[in-house]
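>>> When you get a sec, could you give me coordinates for this:
(chains A, B and C)
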Amino acid sequence: MKYPYFPGCTLYTKAKKLDDAGRECSQKLGFELDELKDWTCCGATFPLVNDYHIAMSGPTRILADTKARGDDKLVTLCSVCFNVLKRTNHVMRNDEERRAKITDFIERDYHGEVEVLHYLQLLRDEIGFDTLREKVVKPLTGLKVACYYGCLLLRPVKEIGLDAMENPTIFEEFIRALGAEPVEFPYKVECCGAFQTVHSMTTATRCSHDILRSAKNSGADLVITTCPLCQFNLDDRQPEIQKSHTAFSAIPVLYFTQLLALALDLPAAGLGFERNLIDPLPLLKEKGIVS
Amino acid sequence: MGELVELTGLKDGQPVTCACALGNLTEFESVPVDRRVMVIGGGITGITAAIDLGNAGYQVMLVDRLPSVGGRMLQLSETFPTLDCAQCTLTPRTVESGQHPKVTLKTSCEVIGLEGEPGDFTVSLRQKVTYVDWNKCTGCGTCIQKCPSKGIALFERDAGRMTAIYTLSPQAVPNKPQIDPDRCRYLTKGKCGVCAKSCPVGAIDYKQQESFFAARVGAIIVATGFDIYDWKNKMPEYGGGKIPDVIDGLTMERYLSASGPTAGAMVRPSDGKEPKEIVFIQCVGSRNPEFHKAYCSRVCCMYTAKHARLYKHKVHDGQVYVFYIDIRSTGKGYEQFIQQSVSEEEIIYIRGRAARLYREGDKVMVQGADTLTGKKIEIAADMVVLAAAMVPNAGAQELADILGIECNADGFFIEDNYKLSPVETGRQGIYIAGCCQGIKDIADSSAQGSAAASKALVFLSTLRRQNQEAV
Amino acid sequence: MKTVISRSQVKGDFVSKVAEISGENFFNCYQCGNCSAGCPSVDEMDLLPSQVVRYLQLGLVEEVKSCKSMWVCAACMMCHARCPKGVDISKIMEALRVLRLREVGAEAHIDVTDFSDDYLARAPQIAMISGYRKFLPL
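Model prediction:
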């Protein structure tokens, strides 16, 4: 099975490990991520005001390109791209006036025909977590994982519709399929501070601390995320957190595809752990997951 | 033996004829049908209506699907604004309804069908299986003392335990036990039989079958009451029922009740410790058209202030915080009650909603806001009490379908005219009263019970006069 | 201090424009404060999200225009996700930012030279793009 795939800018560079692992795992799982040709940035923010349409032209073009290939699904790995594409698609489907403005401007015919899927959703709805469980070669037994959803994978629920807002379970089901143990922690859907990291870093530090502390208090060995921005905040804010909270001890923050790759027995050396600020390898070795 | 009534179409279209061991219906049927009224629901509203009608000389059948009457009020500790003991206030009325020569109690009993016309309805009822022959049972309670199987008590709302053979409360009317077949060792495993062996009159009947009967009545009063919104399943932001020290207001009533599972000691569920920091959250699931119930649940402001006050009577050095949006205290003496509670008990009212609760260690973390100071507030509470919305009791829509009356989108029965005929329905001869019509407090509920009784009397006496004139 | 409010103020141009481009009706809000209770960025805000809406209800635009809160909002949408009236404050905050920037032009909220090379080497593009875009007149 072949799925059109939109990696997005960050996955081409800073979050290459999220992308690499996702692609490699897909082969192991029997599907192919077929990258769109000539794709552009999704814009990285969905325009929240009604009189600003140009920001939707990029994502609409991406969606129209997918349709033009004769495909009706588009897979993304990045929470931000997923959110922007999904919300833009919602406008294309439901708002005739705005759709006309945007499609006229980019001179494309698009009415929201494509279904935007997050990789996690693809695993749940197209592959199935039961199948995934069967394909797991090295179950991540004994690993306690805090599944951090953040904002953009879930909200707004009426437009995204991936899972429940307050107590989603898709990520935990995924983790169970890998043989690891998800821990419930109260901050799993709270914001990490997002792009405030470039403007109000204290917000990102404080929010990240709340999330990480909550995960640790719940007994997590590590945190996983789908979002490069969350990964960056949660990982890179830790030295700063330790400065003001001396009792805080570091916790690795991985992409979900990295754990998936380990469970499918892909070599750890190719998973880009060296780019993690908090090195997960000592933990993974201790747990016998990486030798 | 009561009258054997043949009912058709009750079970798989087959005629069913059942002898019901229900005591004597002769008395009930001794008067013409237009002098008989059925009251469905044996809470304070239904009891009030039944006693009024009985005193007026009408024969009343008071039906409740639970094994005894008293309804929600019996679960309450003390009632606002006077802080009277609910059981002390109510028990004389439940006893009166049980002993009234004109009132026939039919408990563990459900309405399943209706035929006929206003003035002469035939109501089909199902007598549920109790596994106890109530005609033989003397209510001595030996079976309850001897029963070895303990479990969650319905009446105590998870706060206490009770035996598999039980009455809802010690002063139950009728004081006849029934067996919970899901917990009874004999009925689930075929071994035990302690209650049967200990019963001095041989009233235990493990093979009892449900039975059906019909009653002809001239009018019907529906007073089926309320339940608590299913916050445990619908509000994960408040822990979804998984945080033991987060309870709802009705459960708090049991903790505060002198006859409750803790004998009135203020302890929290998780570890039995006395909570020193207690948070009350109002408007839980109510005033929330986007996700839950749009309406104001109307009595929560008052009972929360009452809870706060009763808590302080028990824990003098405790601190109470109440998250509220608006305070609604429109009954007689209610505003004074609130103000007195706040100033005497130094309750901190925080104007804002709490967005989220989560557990941290042995504390319940409360994330709220005080819109008056413009601060986001966090409280590490020992216990949290949710003033969850009241909703119509389960089965209201089904009953409406049977009776040919209507429910609104929230499941409350619709009155003929909200202002001018608030207890009448679209169907003549059928009246509604109490919380099944819309949320109200005890004072308003009993007023409506009396109102519905008088409307039934007016209808039946008018009908009789018209019939006499026609003759 | 006394604040005079009037019909013309409550229905003023700025307030109407915020309502128009955000698509939100401030009068749906009954000030329960749930948004503020759940907002992760309140620590850095000068007005609670619910207060921003309150000032808009009263038409007190100067307080709103000068507030820090709109710039601190990360559009995490938790407020909207829990609002009992379905008010999307993230849209209101964006409308405020957008109108402010259209009025005064780009504000230098971020200076790229403030970032260390190390930070720039690691910060994902999506952070930079969305962070910067928030301060550009649209």
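
>>> Confirm that residue B:111 sits in a strand.
Yes - assignment of residue B:111 by DSSP: H, G, I helix; E, B strand; the rest coil places it within a strand.

>>> which residues in chain C form helices?
Assigned by DSSP state H, chain C shows helices spanning C:7-10, C:13-22, C:34-38, C:49-58, C:61-65, C:69-72, C:78-82, C:89-104, C:117-122, C:125-133.

>>> Show the model's pLDDT score for the residue lying closest to residue C:34 once chain neighbours are set aside.
Nearest non-adjacent residue to residue C:34, counting by Cβ to Cβ, 6 or more residues apart in numbering or on different chains: residue B:353, 4.1 Å away. Quick note: C-beta positions are derived from backbone N, CA and C, even for glycine. Each residue has a pLDDT score; the one for residue B:353 is 96.

>>> What is the burial count for residue B:353?
29 (other Cβ atoms under 10 Å in any protein chain shown).

>>> so what's residue B:297 up against?
B:283, B:285-287, B:387-390, B:439 (Cβ atoms under 8 Å, 6 or more residues apart in numbering or on different chains).

>>> same question but for residue B:332, I mixed them up
B:81, B:443.

>>> quick revisit: quick check: which of the helices of chain C is buried the most?
helix C:34-38 (a mean of 29; mean count of other Cβ atoms under 10 Å in any protein chain shown).

>>> Give me the pLDDT for the residue of chain B at minimum distance from chain A.
Per Cβ to the nearest Cβ, residue B:358 is where chain B lies closest to chain A, at 3.4 Å. Listed pLDDT for residue B:358 reads 97.

>>> ok, what's across the strand from it?
Counting by DSSP bridges, residue B:358 forms beta bridges with residue B:365.

>>> follow-up on the earlier one: out of the contacts of residue B:297, which touch chain C?
Filtering the contacts of residue B:297 for proximity to chain C (criterion: Cβ under 8 Å from any Cβ of the partner chain) leaves B:283, B:287.

>>> which residues does the residue nearest to residue C:34 contact?
Neighbours of residue B:353 in contact, by Cβ under 8 Å, 6+ apart: B:281, B:283, B:323, B:325, B:368-369, C:32-34, C:37, C:84.

>>> now do residue A:254
A:222-225, A:231, A:276, A:280.

>>> can you list the domain ranges for the chain.
Using chain A. Per automatic domain parsing, the domain ranges recorded for chain A read A:2-119, A:129-286.

>>> hmm, I had chain C in mind actually
C:7-104, C:107-138.

>>> Tell me where the stretch 101-250 of chain B has strands.
Along the stretch 101-250 of chain B, the segments classed as strands by DSSP state E, counting those that start in this stretch run B:103-107, B:109-117, B:120-127, B:150-152, B:161-163, B:165-166, B:178-179, B:211-217, B:219-222, B:226-228, B:246-248.

>>> partners of the first one in the sheet?
So the one you mean is strand B:103-107. Here, using DSSP bridges, strand B:103-107 pairs with strand B:59-64 (parallel).

>>> what's the following helix or strand after the partner strand?
strand B:78-79 (DSSP states H and E).

>>> mind checking the backbone torsions on residue A:52?
phi -130, psi 100 (degrees, to the nearest 10).

>>> What residues does it make contact with?
Counting by Cβ under 8 Å, 6+ apart, residue A:52 has contacts C:21, C:98, C:138.

>>> check contacts around the first one.
Put plainly, it is residue C:21. Contacts of residue C:21 by Cβ under 8 Å, 6+ apart are A:49-52, C:95, C:98-99.

>>> and if you look at residue A:257?
Shown in contact with residue A:257 (Cβ under 8 Å, 6+ apart): A:17-19, A:21-22, A:25, A:77, A:119.
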